[in-house]
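S.K.: below are the sequence and a predicted model; questions follow.
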There are 2 protein chains.
Amino acid sequence: MTNIHDIARLSGYSVSTVSRVINHQKYVADEKRAKVEAIMRQLDYVPNRVARDLSNGRTKTVGVVMPYANHPYFARIIDGIVSAAFAAGYKITLLPTNYDMTIERRYLDQLRSKAYDALIFTSRSSSLETLERYRKYGQIVCCEDPGTDRTLAAAYTDREASYVNALRWAQAHGYQKMGVVLSRNNVISASTRVTRSAYQQVYGKLASRDLFVGAVTYEDGYRAGAYFASLNPSVDAIFTNGDDIGAGVYQYYLEHDLTPLPIIGQENLLSSRLCQFSTIDHHLEALGRAAFKLATGQTTTHELIKSEFIRR
Amino acid sequence: MTNIHDIARLSGYSVSTVSRVINHQKYVADEKRAKVEAIMRQLDYVPNRVARDLSNGRTKTVGVVMPYANHPYFARIIDGIVSAAFAAGYKITLLPTNYDMTIERRYLDQLRSKAYDALIFTSRSSSLETLERYRKYGQIVCCEDPGTDRTLAAAYTDREASYVNALRWAQAHGYQKMGVVLSRNNVISASTRVTRSAYQQVYGKLASRDLFVGAVTYEDGYRAGAYFASLNPSVDAIFTNGDDIGAGVYQYYLEHDLTPLPIIGQENLLSSRLCQFSTIDHHLEALGRAAFKLATGQTTTHELIKSEFIRR
DNA sequence: TTAGTTTATGAAACCGGTCCCAGGTCAAGC
DNA sequence: GCTTGACCTGGGACCGGTTTCATAAACTAA
C-alpha cells in the first residue's frame, strides 16, 4: 500500500509538502502542488484515515449507546443522530447494550481509549454519577432530563408536561380511571419515574392494580390488554408507553369482542394511526439531532424538544 | 494523557514488555506483569484504540451503507448486522446515502483509506462493476443476488421464488388480476427486477395500468390505494413492496367504504398483522447476520436466506 | 538601504501503539 | 560437557500521518 513517504520520494519533495498538498494548505508552489497531485492520482493514493486520526487525536466518530437497534423508539433517535452526523462529516457507531451495565462500561472505556470523540446514551443502565466520572475522557450526552444538580449534557423532551397534558385531556373527556402500561418498573428509567409523577399530578396515587409492567413489544401490549380486560371494576382508558404496545392492547379487546378502551400511545407510529388512538409524538428525530449537536459541542449543555399531542 | 511509554518508564521495564502485558502474551515474568498491571491501574491507563488500529492495519469496523436508517427494511437488516458484529467484537458504522451515488463513492474511498475493514451495501446505486473495482481495498458484501458471473460476496433472500410462491397462492385462490406496487421503477433495483420477473412467470406480462410506482411509505400506499380504487375494471388483489405500504392501500379502501382487496405485503411488520393481510417475511435479521459474517470472512461468498410466506 | 513580513520548504519530533530480532538465562536430553 | 529448546527482555523499526521549527528567498514599507 502506498503511503505519504512514497509520494514524497517519487515527487522529489518532502513529506511536509505532500501533507500540505493533501490538506489544501497554503505555502506550496503551484507547480509542486500540481506535480504532487498528479503522482497521488497516478499511484491511486488515498491518505490513511487511521493514521490521520491518531495524529489529530480525534476520530470524528460518535458512539451511540442503545439497548438494541430494531425498536422504533431507538431507530428514530438514531435516524436523527445519523442525519446530523452526516451533515457535520462525522461517523456514527452503534453500540448495543441489551441493558447490560457491564457492556455500557465497556463502551465508556472505549471512549477513554479515544475510539470515539463522544458518546450519546439514548438509554442507560449506569448511574449518572458513573457517566459523569467518564466525562473527562470526552463529551457524554444523555437523552433524559438529568436534573438541575447534574453537569451532563442532555437532550430530552418535555415528557412530564406532555404526559400531564395528555392525562388532563383524558380526564376532561370523562375518563376517570386510567390504566397505565410501563416497560420496566425501574428507578433508573426516566420514563417510569416521569409517568408515575405525571399520573400523580392528574389522577393521584397510581394503584398497582391499574399498572401493567414489562411491556416493550406488541405482544406485551396484547398481554396488557388481557390483564386490563380481566379487571373488575375495569379502568376506562389506558395510557401506554408506546404505540405498538397500545396496538396490542387494542387488538386484544377487538379480538375478544370487547369495545376497545380509549388509548393514549407514544411516538406517533403507524400503529396508532391504524388503530385510531391518540398519541404523543416526542419528535425523536429532532431529539437525535439535538443530541448529536451537543456531542460535538455545537450547542450548549441542554436542549429541550417540545413534544406534540396528537388527538384521535 | 498517559501512554505506553509512561508506563514503561515508571515501571522500569521496556515498552515491549508493557505491550506484552497489555496483550496478555506469555514470556513475561509474573512479578513484572503484576507491577506493570498495578501501574497501569494506578495511572488510569487504557491503550489508545486508534494507535493499535494503525499498527494492526485493521479497525475491526464494518461500514453499513444504506439510504436511510429509519425504514423498517433497513432497520431490521442493521439490527442483524449489529448483533452479529457485537458477538464478534466488531463495530458498526452507519453510512447513509439517500440513494446518492456520489456519496456511495465517498464511502468506497473511505474503505480505500482503511477506515473500515469491510463494507456492506444493504442497497446500492453504484453498479456492481464499480463495487468490484473497490474489492481490492477490503471485503464488500451486497444484499442481493449479484448473478453468476459476479465475484462479489452476497447475502440475499430467495426473493423471486418467494414472490412466485405468493402469487401462485393468490392465483390458486381465485385472484386473477393482481395489482402491483413498487418503490422505484429502476433497472438497478433488484426488487423491481425480481418482482417483474415473478409476475411474468405467474400472471404474464405486467400491464402498466396494473402497476403503481413510487411507494416507500404508508402515505404512498394510501395514494396507491386511491389509484387502484379508481381503476375500472379493477384489480382483484394487490401485491405490495412492504407491509406499511400495504396498510396504506388497505386504509384507503377502508376509509372510503370500499371492501379492502386482499393484499400481499412484505417484511411481516406489525401493520400487516393489524390489517390482517398476508405477507412475506424475508427474515432480514438473518440476512444482516449473514452479511456480517461474509464481511469478516467467516463464511463463503454467498448466503441464501429462506423467506417465509405468512398467510392471513 | 534596512528592517520586517510573507511565502516556501524540509528535517525531525510526535501521535501511541505492535512486533521482529538479537541476546541472555536455564534446565532437560544425550 | 554440549546441544537444544523454552523462557524472558529490550532496542528499535514500523504503521502513516501532522506539525513545529529553523532556514531562506522574495517582497514590502520606512
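M.R.: Structure received. Numbering: from 1, shown residues only, chains lettered A, B, ... in the order given.
S.K.: helix/strand/coil for residue A:140?
M.R.: Following DSSP: H, G, I helix; E, B strand; the rest coil, the label given to residue A:140 is strand.
S.K.: ok, it to residue A:109 distance?
M.R.: Counting by C-beta to C-beta, to the nearest Å, the separation of residue A:140 from residue A:109 is 13 Å. Using the backbone N, CA and C atoms, a C-beta is placed for each residue, glycine as well.
S.K.: who has more neighbours, those two?
M.R.: Using other C-beta atoms under 10 Å in any protein chain shown, the more surrounded residue of residue A:140 and residue A:109 is residue A:140, with 27 against 14.
S.K.: wait, that one sits on residue A:134?
M.R.: Yes: between residue A:140 and residue A:134 there is a contact at 6.3 Å, judged by C-beta atoms under 8 Å.
S.K.: what does the model give whichever residue of the stretch 51-200 of chain A sits closest to DNA strand C for pLDDT?
M.R.: Of all residues in the stretch 51-200 of chain A, residue A:55 sits closest to DNA strand C, at 3.9 Å by C-beta to the nearest atom of the strand. Per-residue confidence (pLDDT) for residue A:55: 96.
S.K.: and it, how many residues sit next to it?
M.R.: 11.
S.K.: thinking again about what came up before, any shared contact partners between residue A:140 and residue A:134?
M.R.: Shared contacts of residue A:140 and residue A:134 (C-beta atoms under 8 Å, 6 or more residues apart in numbering or on different chains): A:111, A:119.
S.K.: for the stretch 51-200 of chain A, what spans make up the helices?
M.R.: Secondary structure of the stretch 51-200 of chain A by DSSP state H, counting those that start in this stretch: the helices cover A:72-88, A:101-112, A:128-133, A:159-172, A:190-203.
S.K.: point out the most buried one among the ones you listed.
M.R.: Stretch with highest mean neighbour count among the helices of the stretch 51-200 of chain A: helix A:72-88 (a mean of 23; mean count of other C-beta atoms under 10 Å in any protein chain shown).
S.K.: may I have that helix as CSV, with CA atoms only?
M.R.: Extracted in CSV, the C-alpha atoms of helix A:72-88 (Å, rounded to 0.1, in the frame of the first residue of the first chain):
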residue,chain,number,x,y,z
PRO,A,72,-38.8,2.2,16.7
TYR,A,73,-38.0,4.4,19.6
PHE,A,74,-34.3,4.0,19.2
ALA,A,75,-34.5,3.7,15.4
ARG,A,76,-36.0,7.2,15.2
ILE,A,77,-33.4,8.8,17.6
ILE,A,78,-30.6,7.1,15.6
ASP,A,79,-32.0,8.4,12.4
GLY,A,80,-31.9,11.9,13.7
ILE,A,81,-28.4,11.4,15.0
VAL,A,82,-27.1,9.9,11.8
SER,A,83,-28.5,12.7,9.6
ALA,A,84,-27.0,15.4,11.8
ALA,A,85,-23.7,13.5,11.9
PHE,A,86,-23.7,13.1,8.1
ALA,A,87,-24.2,16.8,7.7
ALA,A,88,-21.3,17.5,10.0
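S.K.: okay, domains of chain A per the record?
M.R.: For chain A, automatic domain parsing gives the domain ranges A:4-47, A:59-158+A:285-310, A:175-281.
S.K.: thinking again about what came up before, how about the helices of the stretch 51-200 of chain A in TSV, adding mean pLDDT?
M.R.: As requested, these are arranged in TSV below (pLDDT from 0 to 100):
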stretch	mean pLDDT
helix A:72-88	95
helix A:101-112	96
helix A:128-133	94
helix A:159-172	96
helix A:190-203	92
